[in-house]
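Novice: Sequence and predicted structure are below.
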Amino acid sequence: MSEPQGTRPGDTESAGATRHLPVPHEPGADDGGGPERPPHPAGEEGGRAGRFWSARRVPAAVVALLLLGLAGLFLYDIVSVRAGRPGMAWRRDLSRQLAERPLDDTWVLVGAGVAAALGLWLILLAVTPGQRHVLPMRRTHADVRAGLDRDAAATALRDRAMEVAGVQSARVRVRRRRAHVRALSHFRELDDVRADLDTVLGDAVRGLGLSRPPSLSVRVRRPGRKG
């Protein structure tokens with residue numbers, strides 16, 4: 001899907017050149033030629049969007065390969081027994097161990113604990129969305145979803161913080177609910193610099209177009225003495 005050219009929320013400028021930060025987006029399931037719907041107003045509640053769900057390709061591939069390998073081994077053993085050959089030694093030994101060992105045996109308990117832990121891990125992956133590094137953006141069109149990478153959002157906020165007079169350096173970490181800003185000021189009063197940062201960064205956060213804008217945590221201090 002093509003997008004209009006122009007400045008996007010994640011774009012920053014440095015040394016007179018424009019650098020486009022990555023803004024991942026994913027079209028909705030209905031993006032196949034249906035009738036267009038009117039976009040939501042920017043401040044309307046209907047414009048909120050949920051988190052992106054991860055495809056979980058690596059865990060799914062690992063589980064599928066393990067199940068495929070086990071199914072192949074058991075199928076080969078069954079075919080071997082049907083053909084009149086003895087079954088695999090490891091399967092006969094495993095069957096004997098499971099039949100003879102009591103339920104309170106250490107190895108039985110360890111195996112059950114490992115199986116339960118793996119099952120809980122798979123359930124956790126199935127019910128949680130993942131994609132924690134992508135912040136969902138406000139939906140301006142019913143059939144289009146967009147997300148902003150947290151590192152891109154942090155870079156955009158850092159560039160805006162460096163524009164404030166008195167800020168020597170700044171570090172920004174963006175989380176789902178809060179953006180942490182740590183700035184060093186080498187001149188001006190700290191309270192004045194902090195007030196300007198609150199104003200500038202507040203406008204910057206709203207300009208990112210996020211569905212749930214994070215709250216700001218701003219700290220300003222003097223740089224440490226050298227030597």
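Specialist: Noted; the coordinates are in hand.

Novice: Only C-alpha atoms from now on, for both contacts and neighbour counts.
Specialist: Fine.

Novice: Pull out the buried residues from stretch 101-117.
Specialist: Buried residues in stretch 101-117, counting neighbours by 16 or more other Cα atoms under 10 Å, are absent.

Novice: Revised request: answer the last question for stretch 190-197.
Specialist: Leu190, Val193, Arg194, Asp196, Leu197.

Novice: Could I get the full set of strands for this protein?
Specialist: 12-14, 17-19, 25-27, 134-136, 144-149, 167-174, 178-185, 215-221 (DSSP state E).

Novice: Would you tell me which one of those strands is buried the most?
Specialist: Highest mean neighbour count among those (mean count of other Cα atoms under 10 Å): strand 134-136, with a mean of 26.

Novice: Give me the residues contacting that one.
Specialist: 49-52, 145-150, 176, 210-212 (Cα atoms under 8 Å, 6 or more residues apart in numbering).

Novice: will you turn those into CSV that also has pLDDT and distance to Gly87?
Specialist: Converted to CSV, these look like this (pLDDT from 0 to 100; distance: Cα to Cα, whole Å):
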residue, pLDDT, distance to Gly87
Ala49, 65, 56
Gly50, 72, 53
Arg51, 73, 50
Phe52, 74, 48
Arg145, 82, 55
Ala146, 84, 56
Gly147, 87, 54
Leu148, 89, 56
Asp149, 91, 54
Arg150, 91, 55
Arg176, 86, 55
Leu210, 90, 61
Ser211, 88, 60
Arg212, 89, 60
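
Novice: right, and the pair among those with maximum separation?
Specialist: Greatest spatial distance among the contacts of strand 134-136 (Cα to Cα): Arg145 and Arg176, at 17.3 Å.
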